[in-house]
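Colleague: could you look at this predicted model? Sequence included:
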Amino acid sequence: MDTSSLSFNYSRLDTQSVETAIIPRFGLANAVCSFFMLGLHDSYLVTDGPHRYILRLYRNDWRSFADIQFELELLTHIRQHGGRVAAPMYTTDHAFTVAVTCPEGVRYAALFPFARGAAVGNSITPVQAQRLGETIALIHRGTETFSSRHDRQSLDLDFLLDASIPMLQEFLRHDQYQELLAIQTDLHNLIPALPQQWPETCYCSGDINLSNFHIDDDGITVFDFDQCGRGWRAFDIAKFYSSILQLENSRDIRAAFRRGYCAISPLSTNEIRAIPYLVCVAIIWVMSIQVRNRDLWGIKRLDAGYWDRKMRLLAKSLSSASECEDETGGGIR
């Protein structure tokens, strides 16, 4: 069969090719590699004696070279300013990435140290949540002087909310989509105005969740800034809150996280009021990410039951937003 007319949107590089063609570019001559996981990109576990790393091979239909450089520069800046993040390693040519020609086009590989400690799974404690809040506050503070010549999509309502909703129309029933449009209007009306300046607006991870940090006796190390961008710090907090909605102790975890965050960087009253509504924005954004990646992950799980569950979760989160807004605690300024 003649394949010259065929196109590819995704291919996976085998581990031997990673070992022989990519890893040495980062100065590791004898490392071994295993495929680690498929997420938004391909991740490989790299072992060099007692040292472990994660090599990420970025998808070129999800992130541009400018997107990638922005992320890697941001992580490096945060690390240099005291934030505990897994910052990228340099190649032997003092670059962040290695270009890899694949059937679907050029993709870029970056190498990160494996974050110390271990993930908490779904059993995070209030003590751990408070430490995470402190860590995220320090990361946000560490972005104050960051700048890049590379453009990156801002995490604003135009992108997170308004651009997400049309993507969902083909998957929702008519009544569900009309409900979603009504929720969109409500969110625009209910989210308090937040400043577009430091410190309320900073550079955010965009995906704080229980899988994206490791914890050890010395502290917490955060990784995976693939969804980073300039935006409200309140949204970054809301994104974490949205990831723990199913935990039985989610209220205690939210309160502990906020105590830790506010011990480092107090939040304004409007930020506290905005967070529960931004949880709804985060839910909608994640729904759109599922749709945008259907060619990679498939549509099997995007059945009617999935959308019913998501719409119920969204409605419940919106109805409980006023209750969350009234939660008491220190740290408001």
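Modeller: Yep, it's here.

Colleague: in the chain, which spans are helices?
Modeller: 15-17, 65-80, 126-141, 157, 165-168, 174-190, 233-243, 250-264, 269-292, 294-297, 304-319, 321-325 (DSSP state H).

Colleague: in the third one, what counts as buried?
Modeller: Buried residues in helix 126-141, counting neighbours by 16 or more other C-beta atoms under 10 Å, are found at 126, 128-141. All C-beta spots, glycine's among them, are computed from the backbone N, C-alpha and C.

Colleague: chain center to stretch 98-109: distance?
Modeller: Distance of stretch 98-109 from its chain centroid, counting by C-alpha atoms, centre = their mean, to the nearest Å, is 23 Å.

Colleague: and the end-to-end length of that stretch?
Modeller: 5 Å (C-alpha to C-alpha, to the nearest Å).

Colleague: got the buried residues for that stretch?
Modeller: 98, 100, 107-109.

Colleague: any stretches of the stretch 1-150 of the chain with poor pLDDT?
Modeller: Counting by pLDDT under 70, the stretch 1-150 of the chain contains low-confidence ranges at 1, 3.

Colleague: measure Ile183 to Tyr108 for me?
Modeller: 37 Å (C-beta to C-beta, to the nearest Å).

Colleague: equivalent analysis for Leu187, please.
Modeller: 35 Å.

Colleague: likewise Tyr306?
Modeller: 32 Å.

Colleague: likewise Ala193?
Modeller: 38 Å.

Colleague: ok, now Thr221?
Modeller: 23 Å.

Colleague: one more: Ala137?
Modeller: 31 Å.

Colleague: what of Ala255?
Modeller: Applying C-beta to C-beta to Ala255 and Tyr108 gives a distance of 40 Å.

Colleague: could you say which of the helices of the chain is packed most deeply?
Modeller: helix 233-243 (a mean of 25; mean count of other C-beta atoms under 10 Å).

Colleague: quick one: mean pLDDT for it?
Modeller: Helix 233-243 shows a mean pLDDT of 98.

Colleague: pull that helix out as CSV, backbone CA atoms only.
Modeller: Extracted C-alpha coordinates of helix 233-243, given in CSV (Å, rounded to 0.1, in the frame of the first residue of the first chain):
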residue,chain,number,x,y,z
ARG,A,233,-4.1,33.2,40.9
ALA,A,234,-7.6,32.7,42.0
PHE,A,235,-8.2,30.5,39.0
ASP,A,236,-5.1,28.4,39.8
ILE,A,237,-6.6,27.8,43.2
ALA,A,238,-10.0,27.1,41.7
LYS,A,239,-8.5,24.5,39.4
PHE,A,240,-7.1,22.6,42.4
TYR,A,241,-10.5,22.9,44.1
SER,A,242,-12.2,21.4,41.1
SER,A,243,-9.9,18.4,41.1
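
Colleague: no further questions, thank you.
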